[in-house]
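*Asks:* Compute the structure for the input listed below.
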Amino acid sequence: MTDPLEWETMEEEVAYSCPGFDVIHEDVRLPDGTETDFDYASEPPAAVILPFTSEGEVVLIEEWRQAVKRVNRGLPAGSMESGEDREAAARRELTEETGYEAGEIEFLTTVEPANGLLDAVHHYFVAHDCEPTGEQELDFNESIRVETTDWEGLKRDAENGEISDGRTLTGVLRYALTR
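*Replies:* As a prediction, the model looks like this:
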């Protein structure tokens, strides 16, 4: 049975493609019969990692974000590769972006961060006993610095508005609410 709010997709095409995402154009019919179009960004699922060292520090990244023209402080994250499971993606992205490797990793939650604009799905993980035993392997379009901070300091920075990255705020909030 279909939901009475469901839109009917009549046609769909990739309007624009670039590294990281596609823009999808759809011709749709609304529940009242109105025909219109709808565009959204489509990207692969991603893993977001809240990594703790064995000393209890949180591993963060500082990364240039061109869309907002500034350095963004937040959690390591990245797209899953085709056929890759989400835990493997979390482990890979943690090492690639930070050089840290996780001893243990646990699933935290899955979030659709902006489902009115894009089809993104973010899988959140908590990594424990992270050690700087790997090597950073940044993508061609990544400019990243690694830092550590204590959990209370990260929560305070999130509360005070010093963290503006939505993925990071979601991960910190979810972890704080469930621990």
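*Asks:* okay, now residue 22: neighbour count?
*Replies:* The local packing of residue 22 (other C-beta atoms under 10 Å) involves 16 other residues. Any C-beta I mention is one placed from the backbone N, CA and C, and that applies to glycine too.
*Asks:* helix/strand/coil for it?
*Replies:* Of the three states, residue 22 takes strand according to DSSP: H, G, I helix; E, B strand; the rest coil.
*Asks:* What distance do you get for residue 165 to residue 154?
*Replies:* To residue 154, residue 165 is 12 Å away according to C-beta to C-beta, to the nearest Å.
*Asks:* Settle it for me: which of those two has more neighbours?
*Replies:* When residue 165 and residue 154 are compared on other C-beta under 10 Å, the one with more neighbours turns out to be residue 154, at 25 against 21.
*Asks:* Helix or strand: which one has the more buried one?
*Replies:* Taking DSSP states H and E as the criterion, residue 154 maps to helix 151-159.
*Asks:* After that helix, which helix or strand is next?
*Replies:* For helix 151-159, the following helix or strand on the C-terminal side (DSSP H and E) is helix 166-178.
*Asks:* So what touches that following helix?
*Replies:* Contacts of helix 166-178 with the rest of the structure, by C-beta atoms under 8 Å, 6 or more residues apart in numbering, involve 48, 50, 60, 73-75, 77, 108-109, 111, 113, 122, 124, 126, 154-155, 158, 163.
*Asks:* run the last query once more with 6 Å
*Replies:* Outside helix 166-178, the residues within contact range by C-beta atoms under 6 Å, 6 or more residues apart in numbering are 48, 50, 74-75, 77, 108-109, 111, 113, 124, 158.
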